[in-house]
Structure formats: C-alpha cells, structure tokens
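Visitor: Provided below are the primary sequence and the corresponding predicted coordinates.
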Amino acid sequence: MDVHVKLISTFARYRENLNNGKAMLKKGDTIETLAKKIGLHLKYVRLVFVNGKQEDLDTVLTGGDTVFFLPPAIGGG
Amino acid sequence: MGNGYWQKLLRVDLTNKKASVEPLEEKDLKRFVGGAGLAAEILRREVSGKIDPYSHENLVIFGTGPFQGPAIAGGAKFSIAGISPITGTFGDTAAGADWGPALKDAGYDMLVIEGASDKLVYLQIVDDEVEIKDASHLSGMDTYETIDTIHKETGEKKLSIACIGPAGENKVAIACVTVDKHSFAGRCGMGAVLGSKGLKAMAVKGTQKTEMNDPDKARALIKQFQQKILEEVKENGFREHGTPGLCETAESLGDMPIKYWDSDVWPEGAKKLGAPNSTKVLKAKPYPCKFCPIGCHRSISITEPAEYALKGVGPEYETYGMMGTNLLIDDPKAVAWGNDMANRLGIDTISAGAMIGFAMECFEKGWVTVKDTDGLEIKWGDPKVLFALLSQIGNKIGFGAIFSEGTLRAAEKISQEAVEIVVHCKGLDFPSHDARSCISLAPTYATGTRGACHFRGGCEDVEMGGFFIPEIGITEGLVKFFERENQSLVAARCQDYFALLNSLVICAFMVDGGGMTFSEVRVLFNAVTGWDYSIEDLMDAGERIFTAQRLINIRDGYNVGTDVLPKKMFQAAKEGFRSGRQLPFKALMADYYNLRGWDQNGEPTPATLDRLGLSV
C-alpha cells in the first residue's frame, strides 16, 4: 500500500527517499516503520500528523493516508 | 583557588566622569549568580521607586557570570539590564559575539553605568585602564560605521565593541545595542537608555583569565560538551539552517505571526522564508559567537538584485516572522535587507516588525491615511514600505516618529480602536510566537518580567517537541497542545531555568537545540565555581532571580492587573491548527499563581519570599 508523505524544513532532505512523495508500506506498518524507512532519526520524530490529526509513533497506517512529519521546534529565538 | 569570578564591579559615573572598582560579595554571587540575576538585585537596591527610564537615576548594567572566563560553548554572552523605556518595568536583554568574555578578561564581572554625560562619549576599557572618550565625531553614525571608526582610530582591532546607532541617540524606545557587527541586544530599549546617558559605545579588551575551582575537570568538560553539541547540531540541522529551520514547523502549528496576528495560515510564505529555501537563496552559513559550536547567527551573501546586494549578518527566525509573515512579505532577500537596515540603525527587529504590521493594519482600516504618512501607502506585503518605515522609525522622522515611545504609545496617539489591536504585554511587542498555539506562552508572556518574551522560558519548544528538561520533570508528553494540564508548570519552571541561564550567562541554545543537559550545566558550574550546587539549588537561584525581577515591577505598580494578554489572543482562528480554539487564560493564570506561591494580587506571599531569601 502507498501512503503520501509530507516533509518540510530540515526534514526536506529526506524527500529523496520517497517515490513522487509516496512511500510503500506493508499492512500493519506504523508511523515508526515509515519514519525508519524514510531515514528519519526517531529522536527527532515527535510531531506527526496523519490526515491532519496528531498521532503517536505506534499508530498503524492505512493505504492512502497522508503523513506529515514536522521537525521539532528548536532554537525558538 | 578561584570560583570563576573576579568579584569586581566596575562603576562608571558619566555625570562626574569617574570610574571606580567595587568588590562583589560572594554571598550575592551565590544567590544571584551574575548576568541578569545580579543586575536585577543591583537595580532593586540602587533604583528606588518608579523612575523615568531616561532620567539620571536609571542604570545600565552589563553583566557576566562564571561562564565568561573559560572557553565554554555558549559562554560568549552577556546581559544588559535597566529600567526599560518601552515598558517602564525591569528590562534585560542579551547579546553574544566577543563582548562578554572581553569584559571578563578585562578583570570585571559587572559594569554599571550611572548618571549621564552632557556630551556624547564612548567608553574604552583595556584591563584596568578605563577611559571616557569624546564621541562627538561618532554622532549620527550607524552602528557598523561606529565600530569601524573606533577600530580605525584606536588601532585596536581586538577591541570588542558594543554601540548604539542613530535610534539610540534619538531615544527611540526600541533602540538596541549592536555588538561587533555580529550580535544584537535587541529587546527592551537599552540602546535608548544608553542614548539618554550620552554613551555611544563601550569598547573592551582584556588580557586576564579568571581562575576556576577545578580547572582540569572544567577543561575536560568544556571539550566534551563542545564536541557533543557540535555532533547534535550537525545531525538536527540547527548548524546548517539556524533558527530559520523553525519557520515551517511554527507556521504549521499556528505559532508564527501572520498579518499582525490576524491571519492563521500561510504555508507558502513560511516555506519561502524558512530553511532550506532561505539558506540556499541567501547562501547562508553559520556565524558563531566566540567558542560556539552551533553558529545560529547567519552570514549571508546577496549579489542580485542590485538593490538588495548585501554581505553580512542575515535574518533569523524572529525576523522572518516579524518582518516576513507578519507583514505578508515572502521574499527572504527583502527581509534580509530590512534586517540589515535595523541592525545598522540600531533598532530591535522584533518590535520594528511589530510596529510596521500595526501600521499596515491601521492603514487598511483607514485609521491612518496618506495624509498622515506624507503620501506613503502602507500596504501589506510591500518591502518598500518596510524599508521606508524602518528608516523613519530609526531616525525618528516623518510618520515613523510616532513610534518613538513604542507601539502602544503610538496607538494611543491614533485612537482607542488602535490601542485595542496592539499585540503586547506591558508594552513590549510579542515576538514571533503565538500564545494561542503554544498556550504555555500565555502565562509566560503575561508574567514576563520584561513583558512578552518567549526567550525568557523557551516553553514553546517544549510544546513543539524540541526541548525537554527531564531533571526537573519537563519530559516528552507532559503537555499536549491546547490542553491546560501542566502548561503553567512548564511556563514557571522554564522561566526559572532561563533566569538561571541568563545569569550564568550561557546561551540557551546550548540546551534548547544543542542537546546539552541541565545536569551537564550543573557539573560544569560546580567545576568552575566549586560550590557543589544541586539541581534544586540551581532552580532555587533561578526562581530567586525571576522573583527579584518581579519584585522590582511590583514595587513600581505592576501586578495582577498588568498580567494580561492583548485582545487578539482571544480571537479564535478560522482555519489551520488553531481553528476554533479558545485560550483558557484565566484558568492558566490561576494555576500559575498557585504554583508560584503568589497571592491573588500576583504578589509573592511572605512564605514564598522567606523560602527564596528575599524577605525585606
């Protein structure tokens, strides 16, 4: 199954690990599986939205989901 | 055996043109640490009652702490404090570059400026040689010219120079202090207070080193933390992109100001202004302060278009917010040009952006017209308006002169309706973080001892997942967006922690973004001072410092009645992440006062003052 993945800001460099903005997953795969597949360091994966709703890393994804990874805020000055 | 301090305060009396050295007692250093903490205590003792910030009674206090002597990551930092001309409250601001270590190496922990000179002067400090020099030839010069001229005429390229520009000389309330053409003590108008004292610049060089309690251990820790922070910021992108890396995240979460806090979403704008786009467009590189492995400041190079050609310091997140999305300007080159203008004029880019956003809204609503502005159409999104108003504000000319006492005073001259749209606390304009999104900012701003400031807490980064302090229970998942639980706890503890950091003095980015832990700050503090402080001891110091700053404000009439947020913060978003959310402000404040041990009037109870050793 395919999921749409949105990567912004300092995560933009991981877009090269996607296929036209999509990633292919197996049934039962979670956000954590997807993050690892893309190459994101889990330490920085704290803000994830699936179809607009904030979700935890162990959330199971389904085909067609849109997953939005935001880099956590640092250096707010 | 040393403790990282000289235990010396240099006092310069500009009225009588005298300099003297006074001892600092170790018990005061142990209680208030240094920097903004010790400065608050000096202000509390020496400035009695509400004063005109431009009167001779006001002081400008430059403060260092135990971390300015050794080459500590984040230690090239110093505080400047006094009574702020924007708020009338305690005011403090900080900058980096080389100046803090230079003052320390000259043999002083603190520099207190008192009185005022009848002619423009500058101060030159080289170890124990302190000279008050004529600065009439520097009058009207911008900050960069001032620094270049002092370097040239003294032949001392190694002087670190903090100075004011035309705005400070003109007593524009948002005047900043520019340091080494690199870093800027922006907020609270300390540049204007220096202008009122006739002090154009402070040029400092030192050749001495403070002794540490356990130098071998301290040096090993310093090396270890330098390496650790460098690895962290290479991995998380902070070194490559600096604070502009925050733009898209902040916009996505409704944290970034858009159209002077009236609009809720602008992803296209944030994308153009933020990293990686602006890093590429401006050829931005890290520009570190002394000893810093992060380099959050930006060194940029613009070659075209010709009107924006620029090589030097580039904008950071706050400026992309206040001069970018806030004004509906999405060109990073235009923001860079505005940023450079503000730096040279010597004005705070945050408040300057706020003033221009406010003016654009007034113009749109018809409260200000071309008759007021000599024909200038103050339209959203127009960089030419940004540049024109920056020049007018900084030089106190034309329509921009209306802002010389701050946005709130300008609004009062326009209309009551205009007063109601100003986004401020105690007169200090909001920075680029929205208290409706990260709601721990609501009590942080409302009770901020210098007014609305995110960087007297850093709690928004806790909410947005990038900053935790497990040693004091601030861990991932402690707070959730828009939910009241634990938000006031995060606000209060982060305020105390940052009060400590601003007194050590260490740049907060070492812990917020750089990955240095509170335990590491503690172990380094103990190696330098030999005081064997626990985390609790350090947090007590932070709380004592924050409370001492608040006591100045309470004495001067600020209390629960001024711990308020502006009207726009109660306007729910129509779209985006904050859509339909209402800020539970009263509940957050009740939680906060209770946690603090303050009464219903917002004043610390006698028991709280006793606990902190602040009873009269």
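Guide: Cool, got the structure. Keep in mind the model is a prediction, meaning the values are calculated, not measured.
Visitor: what about chain B, any weak spots by pLDDT?
Guide: Low-confidence segments of chain B (pLDDT under 70): none present.
Visitor: one more time with 80, if that's ok
Guide: Applying pLDDT under 80 to chain B flags residues B:1, B:616.
Visitor: And the residue nearest the centre of it?
Guide: Nearest to the mean C-alpha position of chain B, by C-alpha atoms, centre = their mean, lies residue B:93 at 4.4 Å.
Visitor: roughly how far apart are residue B:300 and residue B:444?
Guide: As defined by C-beta to C-beta, to the nearest Å, residue B:300 lies at a distance of 31 Å from residue B:444. Every residue, glycine included, has its C-beta placed from N, CA and C.
Visitor: Please say which of those two ends up with more neighbours.
Guide: Higher neighbour count among residue B:300 and residue B:444: residue B:444, with 32 against 23, using other C-beta atoms under 10 Å in any protein chain shown.
Visitor: Now do the SS call for that one.
Guide: helix (DSSP: H, G, I helix; E, B strand; the rest coil).
Visitor: Which strand or helix spans the residue of the stretch 1-150 of chain B found nearest chain A?
Guide: Distance from chain A to each residue of the stretch 1-150 of chain B (C-beta to the nearest C-beta) is smallest for residue B:94, at 9.9 Å. Under the criterion of DSSP states H and E, residue B:94 resides in strand B:90-95.
Visitor: Can you dump the C-alpha atoms of that strand in PDB for me?
Guide: What follows is strand B:90-95, C-alpha atoms only, in PDB (Å, rounded to 0.1, in the frame of the first residue of the first chain):
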ATOM      1  CA  PHE B  90      12.700  45.800  34.700                       C
ATOM      2  CA  GLY B  91      14.300  45.300  31.400                       C
ATOM      3  CA  ASP B  92      17.000  43.000  30.300                       C
ATOM      4  CA  THR B  93      18.500  41.900  27.000                       C
ATOM      5  CA  ALA B  94      21.400  39.800  26.000                       C
ATOM      6  CA  ALA B  95      23.900  39.500  23.100                       C
END
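Visitor: Can you list the strands that it pairs with?
Guide: strand B:78-83 (antiparallel) (DSSP bridges).
Visitor: Just say helix, strand or coil for the residue located most distally from the centre of chain B.
Guide: Here the centre of chain B is the reference, and by C-alpha atoms, centre = their mean the most remote residue is residue B:371, at 35.4 Å. State at residue B:371, reduced to three classes by three-state DSSP: coil.
Visitor: how many other residues sit next to the closest residue to residue B:130 other than its chain neighbours?
Guide: Among residues not flanking residue B:130 along the chain, residue B:19 sits closest, at 4.1 Å (C-beta to C-beta, 6 or more residues apart in numbering or on different chains). Around residue B:19 there are 18 other residues, counting by other C-beta under 10 Å.
Visitor: Equivalent analysis for residue B:332, please.
Guide: By the measure other C-beta under 10 Å, the count of residues near residue B:332 is 29.
Visitor: contacting residues for it?
Guide: Going by C-beta atoms under 8 Å, 6 or more residues apart in numbering or on different chains, residue B:332 touches B:272, B:273, B:277, B:278, B:281, B:282, B:315, B:320, B:324.
Visitor: How about it: what's its closest non-neighbour residue?
Guide: residue B:278 (4.0 Å).
Visitor: thinking that neighbour is in contact with residue B:269, fair?
Guide: No: Residue B:278 is beyond contact range of residue B:269, at 11.5 Å (criterion: C-beta atoms under 8 Å).
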